[in-house]
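# can't give you the sequence, but here's the structure:
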């Protein structure tokens, strides 16, 4: 399992997930359940950290971070 940090407008918390997809799924679920505004997920494991975000791509291939 890997460690991640979920950031919301109300704060942040650390949790564990099996994969990046599972990490985003859990972060969205707990943000929804606790009525918090999701911002992003960051990996907190050893090595090079990275950020996972939700994006919207429109018909002109323009990318907008949500």
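Perfect, I can see it now. Please read these numbers as outputs of a predicted model, since none were measured by experiment. Numbers count the residues shown, from 1 in each chain.
# And the residue in the chain sticking out farthest from the centre, which helix or strand is it part of?
Ranking residues of the chain by C-alpha distance from their mean position (Cα atoms, centre = their mean) puts residue 60 at the top, at 25.3 Å. Taking DSSP states H and E as the definition, one finds residue 60 inside no helix or strand.
# ok, so what distance separates it from residue 54?
To residue 54, residue 60 is 19 Å away according to Cβ to Cβ, to the nearest Å. Any C-beta I mention is one placed from the backbone N, CA and C, and that applies to glycine too.
# Output the lowest mean pLDDT helix or strand found in the protein.
The helix or strand with the lowest mean pLDDT-type score in the chain, counting by mean pLDDT, DSSP states H and E, is strand 63-65 (a mean of 73).
# other SSEs contacting it?
In terms of contacts (3 or more Cβ pairs under 8 Å, 6 or more residues apart in numbering; DSSP states H and E), strand 63-65 is packed against strand 55-57.
# low-scoring pLDDT stretches of the chain, where are they?
Counting by pLDDT under 70, the ranges of the chain that qualify are 46, 66.
# Check this structure and tell me which residue is nearest its centre.
In the chain, the centroid-proximal residue (Cα atoms, centre = their mean) is residue 41; its distance is 2.8 Å.
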